[in-house]
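S.K.: Prediction below, plus the sequence it came from.
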Amino acid sequence: MKGYSITTLNEFIIKRQTDFPYAKGELSRLLSHFGIAAKIVNKKINKAGLVDILGASGIINVQGEDQKKLDVFADETFIAAIQASGEVCGIVTEENQEIITFDDNLSRDGKYIFLMDPLDGSSNIDVNVSIGTIFSIYRRVSQRGHSARAEDFLQEGTRMVAAGYIIYGSSTMLVYTTGKGVNGFTLDPSIGEFCLSHPDIRTPEFGSIYSVNEGHYLKFPDGVKKYIKYCQELDPETSRPYTSRYIGSLVADFHRNLLKGGIFIYPSTASSPKGKLRLAYECNPIAFIAEQAGGKASDGFNRILDLKPDSLHQRSPFYVGSRAMVEHLEELMG
Ligand code: AHG
Ligand code: MN
Ligand code: MN
């Protein structure tokens, strides 16, 4: 019989702390707190799906209970867990227009700030399709002991300390990086632990999947149109065109392409002339993970991580995935 050994998220975080010789464990504690909140939100998401589906068919009476929107539940749960860690002085999330500063004494002294899309792809909940959570962590630039300030949240992506996502799919996974490669953990519901299942993820240099909402095709920039046409032509090697796959949850679309090889495309469109996705808490963390796995992320002309955000909820066109594919698209944009 083969030996059986698992590495849980917490064990892994502790082991990896030696990657940062001067670290005092603050980031490790923060990531652990986040892992616990992830389990709480996961539980609620699974249940919400069930309640929605059965509730709609009239089998379960939800008893007039006011179901909080899941985005808001996820937002509040993660914010509470992040504040409880005591390592973070403030947070920006998709659900809140302004910065939330944590003004208890412990948090004001925290050296990190946190950014988050608490629920990504939330329009997919009702139809039982994968959704996600995206987060990133920076060191604050303002003085410790005071409230977090806007400048803490408007740093270039190159200054990110850690980033990750949770995908609530056929199983729940947490994928994250602290700038030393990318690791993936699958939640084992029988023991309630995230277990290392995808160590040191590397994304293929090329892939054959392209992911884009083609409904907006007519308003895409010419370079993107050319690239999509290229994807639809016969690939001389496989004698078939590329495969089109689009879920409509960035996390799920990116995760599939990360493992299989592919490109995710969200350009400017007529309704979103600057693109749709938010630079600070959608594009940047995903870009950091892509690069750490050997992939690439661009706005068509610039490396995403080099962009300096000038507002919290700023949007950006987003092209991310296998290096060679993103480079090809950039050439056509040129
Ligand atoms: P959110 O649910 O956080 O608002 O994000 C939805 C995003 C992203 O997950 C997805 O890639 C994109 O919206 C899909 O947009 P389209 O429906 O325009 O294709
Ligand atoms: Mn989103
Ligand atoms: Mn969201």
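M.R.: Thanks, I have it. Ligands and ions are numbered 1, 2, ... in the order given.
S.K.: Give the buried residues for the helix or strand bottoming out on mean pLDDT in the chain.
M.R.: Every helix and strand in the chain was compared by mean pLDDT, DSSP states H and E; the lowest is helix 26-56, with a mean of 80. Under the neighbour-count criterion of 16 or more other Cβ atoms under 10 Å, helix 26-56 has 27-28, 30-35, 37-39, 41-42, 45, 48-49, 52 buried. For every residue, glycine as well, the C-beta is placed using N, CA and C.
S.K.: quick one: contacts for Leu9?
M.R.: Leu31, Ser32, Gly35, Leu174, Phe185, Glu193, Phe194, Cys195, Leu196 (Cβ atoms under 8 Å, 6 or more residues apart in numbering).
S.K.: which SS state does the nearest residue to the fifth one once chain neighbours are set aside fall under?
M.R.: Okay, so that is Phe185. Leaving aside its sequence neighbours, Phe185 sits nearest to Phe194 (Cβ to Cβ, 6 or more residues apart in numbering; 3.8 Å). Three-state assignment for Phe194 (DSSP: H, G, I helix; E, B strand; the rest coil): strand.
S.K.: and Phe194, what is it in contact with?
M.R.: So Phe194 contacts Thr8, Leu9, Gly35, Ala38, Lys39, Met173, Leu174, Phe185, Thr186, Leu187, Asp188 (Cβ under 8 Å, 6+ apart).
S.K.: Leu187 now?
M.R.: Taking Cβ under 8 Å, 6+ apart, one finds Ala38, Lys39, Asn42, Ser171, Thr172, Met173, Leu174, Glu193, Phe194, Cys195 in contact with Leu187.
S.K.: The second one and ligand 2, how far apart?
M.R.: Distance, Lys39 to ligand 2, using Cβ to the ion, to the nearest Å: 21 Å.
S.K.: same deal with the fifth one?
M.R.: Taking Cβ to the ion as the measure, Thr172 and ligand 2 are separated by 17 Å.
S.K.: and that residue, bridged to which residues?
M.R.: Tyr168 (DSSP bridges).
S.K.: what residues are up against it?
M.R.: Per Cβ under 8 Å, 6+ apart, neighbours of Thr172: Ala38, Asn42, Ile166, Thr186, Leu187.
S.K.: which among those residues are in contact with ligand 1?
M.R.: When the contacts of Thr172 are checked against ligand 1 using Cβ under 6 Å from any ligand atom, none falls in range.
S.K.: With respect to Ser272, which of these is nearest?
M.R.: Ile166 (25.2 Å; Cβ to Cβ).
S.K.: Am I right that the closest one sits in a strand?
M.R.: Yes. Under the criterion used here (three-state DSSP), Ile166 sits inside a strand.
S.K.: Run through who's touching stretch 198-211.
M.R.: 173, 175, 181-186, 228, 231, 235, 238, 242-247, 253, 256-265, 290, 293-295, 321-325.
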